[in-house]
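[1] Quick one, what's the 3D model for this:
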Amino acid sequence: MQSIEHIQERQLFLFNPTSEMAIANGEIAWQPNQTLQQFEKDLELLPYLFAKDNDILIVDEIPSKKFINKLKTIKDCSPEFIRKSEIRNNFNLQNLSLQPWGWSPAAHHFLKPLKSKTSEKFRKSLNYQWDKQHKEIVSRQFSTKILNTIISKNPSFQYLPIDRQPLKCSSIIEVEMLSQKWGKIVLKAPWSSSGRGVQMLRQADLNASNRQWISSIIKQQGYIMVEPLLEKQEDFSLQFHISPKGIQFLGVGKFNTNSNGQYIDNLLNPSTQFIKNIIPIEDLVSHVSLALESLNTKSLYEGFAGVDLMTIKDENESLIHPCVEVNWRYNMGLVALQLQKLIHPEAKGKFSVFFNPKKRFREYADEAIKKYPIQQKNGKLIHGFVPLSDPDKSVSGAYILLD
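    Down below sits the predicted model:
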């Protein structure tokens, strides 16, 4: 009989993109609201893009063979699917590496029945137990520490000026003072993601609704982050993997957000000339990596980290904001990098998430499938629309569009 040590480690994936909210709440039984639960269900097959044969995806509903065959036009892979309701009763699992989209006390609690079935390597990792230090790393205040480190150590580069950096506020009075100083400001909850927990105030006076929201965030999370509203040009990200062995750079992502800072899509195989016009990418990657290293992230965190950046105009000068925030988890920029490995290198298009309260994903997908038929070149997708969520079962959905 083969010993467990010689059985290949199996990655077990769980899609829980609301991990920052779960961390802010802190309760092991925390659940997102119904809208976000539906979103998690609709996009729960995204980890398929990272899976290998014999890996495991934890899902609400087992996908149909018909839809898996469609996914195989992107990636030919045969992972195992297990319902969330059945993980406690599955006795055949062993040598697992647990891979939730993001870690939180709630994720640890949900996956606790599987910890006895994990590999020796995983049990030695930083992810085996929740540590209170993990909460501070995931906060926007920690992102500001990274930002300060990059700027202070590289004063000769075209980075965000020191007087434009985010500040921590513990009262409405402090927020009002910064509002008067900067005029237009952005308010951010310390723990939130994908543009949620963010308000942009384009006038200096706080109204009753603003005050109520600020008070609520300070009461729930202890403080609020405030920064000036900058003249943004482009959003982009640098993707890393961090472990005790070191910090590995994975690639550059370019993405779009709406006027409120909420995620829209990632471009696939984008041009990075807009970065090179301001700073060599090698220098930028080095500055961010060294900042992550100097703040001891290798001994505090293990996993993927997507650092969001942006190019800005400041007094007619093009500058880089080198750390808007960090996504300490799997993220959409990482998905885009993974997709770029799977599609044809000449392909251009986007990875996006469809959400429309007045229209179901099925309707959108039917229109797009007719308009953008699939074409392959050398066995890889170069043109067309491919849903990454099952249109027959999803309200919202993820998809690729190569045009």
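[2] residue closest to the middle of the protein?
    Nearest to the mean C-alpha position of the chain, by CA atoms, centre = their mean, lies Asn331 at 2.6 Å.
[3] got the residue ranges for the helices in the stretch 101-250 of the chain?
    Using DSSP state H, counting those that start in this stretch, the helices of the stretch 101-250 of the chain run over 105-111, 120-123, 132-138, 140-153, 172-182, 208-221.
[4] Pull the first one out as CSV, backbone CA atoms only.
    Spelled out, it's helix 105-111. Extracted in CSV, the C-alpha atoms of helix 105-111 (Å, rounded to 0.1, in the frame of the first residue of the first chain):
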residue,chain,number,x,y,z
PRO,A,105,-11.6,33.0,10.9
ALA,A,106,-14.8,31.9,9.1
ALA,A,107,-12.9,30.1,6.4
HIS,A,108,-10.8,28.3,9.0
HIS,A,109,-13.9,27.3,10.8
PHE,A,110,-15.6,26.0,7.7
LEU,A,111,-12.5,24.0,6.6
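[5] Provide the contact partners of that helix at residue level.
    Helix 105-111 is touched from outside by 12, 14, 16, 19, 22-23, 25-31, 84, 87, 98, 100, 129-130, with contacts defined as CB atoms under 8 Å, 6 or more residues apart in numbering. For glycine as for every other residue, the C-beta is placed from the backbone atoms N, C-alpha and C.
[6] And it, what's buried?
    Pro105, Ala106, Ala107, His108, Phe110, Leu111 (16 or more other CB atoms under 10 Å).
[7] quick one: pLDDT of the fourth one?
    When you say that, I think you mean His108. In this model, His108 is scored at 97, pLDDT.
[8] same thing with the one 10 residues further on?
    Turning to Thr118, the model gives it a pLDDT of 96.
[9] give me every residue that touches the closest residue in space to it that isn't next to it in sequence.
    Excluding its sequence neighbours, the residue lying closest to Thr118 (CB to CB, 6 or more residues apart in numbering) is Leu96, at 4.8 Å. Leu96 sits next to Glu9, Arg10, Gln11, Leu12, Ile56, Leu114, Lys117, Thr118, Ser119, Phe122 when contact means CB under 8 Å, 6+ apart.
[10] would you put the C-alpha positions of stretch 315-330 in PDB?
    Extracted C-alpha coordinates of stretch 315-330, given in PDB (Å, rounded to 0.1, in the frame of the first residue of the first chain):
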ATOM      1  CA  GLU A 315      -0.100  69.300 -11.500                       C
ATOM      2  CA  ASN A 316       0.200  68.000 -15.200                       C
ATOM      3  CA  GLU A 317       2.900  65.500 -14.200                       C
ATOM      4  CA  SER A 318       2.400  61.700 -14.700                       C
ATOM      5  CA  LEU A 319       3.100  59.900 -11.400                       C
ATOM      6  CA  ILE A 320       2.500  56.400 -10.000                       C
ATOM      7  CA  HIS A 321       0.600  55.600  -6.900                       C
ATOM      8  CA  PRO A 322       2.600  52.400  -6.000                       C
ATOM      9  CA  CYS A 323       0.200  50.800  -3.500                       C
ATOM     10  CA  VAL A 324      -3.400  51.700  -3.500                       C
ATOM     11  CA  GLU A 325      -4.200  48.500  -1.600                       C
ATOM     12  CA  VAL A 326      -3.200  44.900  -1.500                       C
ATOM     13  CA  ASN A 327      -5.500  41.900  -2.100                       C
ATOM     14  CA  TRP A 328      -4.100  39.200   0.200                       C
ATOM     15  CA  ARG A 329      -5.700  36.300  -1.500                       C
ATOM     16  CA  TYR A 330      -6.500  35.000  -5.000                       C
END
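[11] avg pLDDT for it?
    95.
[12] buried residues in that stretch?
    Residues Leu319, Ile320, His321, Pro322, Cys323, Val324, Glu325, Val326, Asn327, Trp328, Arg329, Tyr330 are the ones in stretch 315-330 that count as buried (16+ other CB under 10 Å).
[13] swap in stretch 352-360?
    By neighbour count on 16+ other CB under 10 Å, the buried set for stretch 352-360 is Ser352, Val353, Phe354, Phe355, Arg360.
[14] Those residues in strands, which ones?
    Cross-referencing those against strands under DSSP state E gives Ser352, Val353, Phe354.
[15] hang on, Arg211 packs against Glu176?
    No. At 9.2 Å, Arg211 does not count as touching Glu176 under the criterion of CB atoms under 8 Å.
[16] and the two? which has more neighbours close in?
    Using other CB atoms under 10 Å as the criterion, Arg211 and Glu176 rank with Glu176 on top: 18 against 13.
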